[in-house]
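**Student:** Return atomic coordinates for the entry below.
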Amino acid sequence: MTANRKVVITEFGDVDVLKIVDDIVPHPPAGHIQIAVEYAGFNGADVGMRKGVYPFQKKAPLTPGYCLVGTVRANGEGCTAFQVGDVVGVLTKYDANSELVNQPEKYAVKIPDGVDHVQATAMISDWFAAYGMVKHTAKVTRGQKVFVHGISGAVGCGLMILSKLQGAEVYGTASARNHEDVRAHGATPFAYTDKKWIDAMKGLGGVDVVFDPLGFESFDESYSILSPNGFLVAYGNNKGILENGQVRSPWGPIMKLMAKNLNFMCGKKATFFGISRDQATYKEDIEALLEMVRTGLITAPVKNQWDMEDIKIAHSQWGGGTGIGSLFIKVARD
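**Tutor:** You can find the predicted model right below:
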């Protein structure tokens, strides 16, 4: 047993339900490695879990943190893929906001030498999601028109940059304070609230792909700007939390979205996307992203990071502030 410090969501609610507690971690069991966490990713999933509205999540109490990068500290029985001291990344879904964590060896990905650990952390969750949507789900190609809601966000930036690399023309919604940064990456930003983006995209004949993490009423709006054979890729339900912190059940809008596919006379299609470390392309995709980082082909914009001790501040500031890109929790103490 080893002493450990971690974040716990004690019950569902506002930021006051977040506690930092002292705990112990056992030696990793067979098939597992123990990781000293350096960075954890931070995104809307963490906030949704705190509020108890993330799809298929655990009941409280739980430790959040969807992904991590850290150093192998110990190997459980049968584990030979990594040596103590190797730097690895893992898509965890839970538990990354913890100084030490045991994870199945089969889900760990070696971080190449020379790759910045913050950049690596962005790849494990935010950009893994973006890569899957662009490459596998929407199959974005040169000359297509792509629209990204929340284009200044963590996954949104990945969708923007990866779609541009594919040769697409990219548009999206973001807070006005972030429009200059979005334009600097070659995309065209709109404010979500004034709805001018709807007429603008219809005026172009519609777009080939929309990526929508907002949900609820936004799904209908996104569907309306598709070209006759366009594809809506939904991947979240953050609208209520972003606008006023309102907790709303996502299931009605998701069912309504998927029912649109039942109209076989319509060429438009929709899907709801999610990531899993059990999907066939998990390691392949992350390794491809890490190689793109290593060679300088991509760089994840970094918006902010907080020490784990400031986890309540991180949750309270999510969705606000100036800047674009990924957010991080620095778990390791200096």
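
**Student:** In contact with Met160, which residues are there?
**Tutor:** Contact analysis of Met160 by C-beta atoms under 8 Å, 6 or more residues apart in numbering lists 148, 151, 170, 172, 182, 185, 187. Where C-beta positions appear, they are placed from N, C-alpha and C, glycine not excepted.

**Student:** From these, which land in strands?
**Tutor:** Within these, residues falling in strands by DSSP state E are 148, 170, 172.

**Student:** out of those residues, who's nearest Gln279?
**Tutor:** The closest of the ones in strands among the contacts of Met160 to Gln279 turns out to be Val148 (C-beta to C-beta; 21.9 Å).

**Student:** Spatially nearest residue to that closest one, not counting backbone neighbours?
**Tutor:** Gly172 (3.7 Å; C-beta to C-beta, 6 or more residues apart in numbering).

**Student:** Turn the contacts of Met160 into a markdown table, columns for neighbour count and pLDDT.
**Tutor:** Formatted as a markdown table, the contacts of Met160 follow (neighbours: other C-beta atoms under 10 Å; pLDDT from 0 to 100):
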| residue | neighbour count | pLDDT |
| --- | --- | --- |
| Val148 | 31 | 98 |
| Ile151 | 30 | 96 |
| Val170 | 27 | 98 |
| Gly172 | 26 | 97 |
| Val182 | 25 | 97 |
| His185 | 16 | 97 |
| Ala187 | 27 | 98 |
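
**Student:** Please tabulate those in TSV and include distance to Ile161 as additional columns.
**Tutor:** TSV is the format used below for these (distance: C-beta to C-beta, whole Å):
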residue	distance to Ile161
Val148	10
Ile151	10
Val170	9
Gly172	12
Val182	11
His185	6
Ala187	9
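
**Student:** Could you point out which of these is nearest to Phe56?
**Tutor:** Val148 (24.9 Å).

**Student:** Distance of that closest one relative to Phe211?
**Tutor:** 5 Å (C-beta to C-beta, to the nearest Å).

**Student:** between those two, what contacts are shared?
**Tutor:** 156, 159.

**Student:** so what's Lys110 up against?
**Tutor:** Per C-beta under 8 Å, 6+ apart, neighbours of Lys110: 82, 86-88.

**Student:** how about a cut-off of 6 Å?
**Tutor:** Residues near Lys110 by C-beta atoms under 6 Å, 6 or more residues apart in numbering: Val88.

**Student:** element containing the nearest residue to Glu99 once chain neighbours are set aside?
**Tutor:** The shortest distance from Glu99 to any non-neighbouring residue, by C-beta to C-beta, 6+ apart, is to Arg5 (5.0 Å). Element membership of Arg5, judged by DSSP states H and E, is strand 2-9.

**Student:** looking only at pLDDT, what's the mean for that strand?
**Tutor:** For strand 2-9, mean pLDDT is 94.

**Student:** okay, which residue of this structure is out on the far edge from center?
**Tutor:** What lies farthest from the middle of the chain is Met265; by C-alpha atoms, centre = their mean that is 33.8 Å.

**Student:** Okay, that residue and Leu62: tell me how far apart.
**Tutor:** Taken as C-beta to C-beta, the span from Met265 to Leu62 is 45 Å.

**Student:** again, but for Lys93
**Tutor:** For Lys93, the distance to Leu62 - C-beta to C-beta - is 10 Å.

**Student:** do Ser125 as well
**Tutor:** Ser125 is 17 Å from Leu62, by C-beta to C-beta.

**Student:** Give me the more crowded residue out of the two.
**Tutor:** Ser125 (30 against 18; other C-beta atoms under 10 Å).

**Student:** Turn the ones in strands among the contacts of Met160 into a markdown table, columns for distance to Ser218.
**Tutor:** Shown next, in a markdown table, are the ones in strands among the contacts of Met160 (distance: C-beta to C-beta, whole Å):
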| residue | distance to Ser218 |
| --- | --- |
| Val148 | 12 |
| Val170 | 18 |
| Gly172 | 13 |
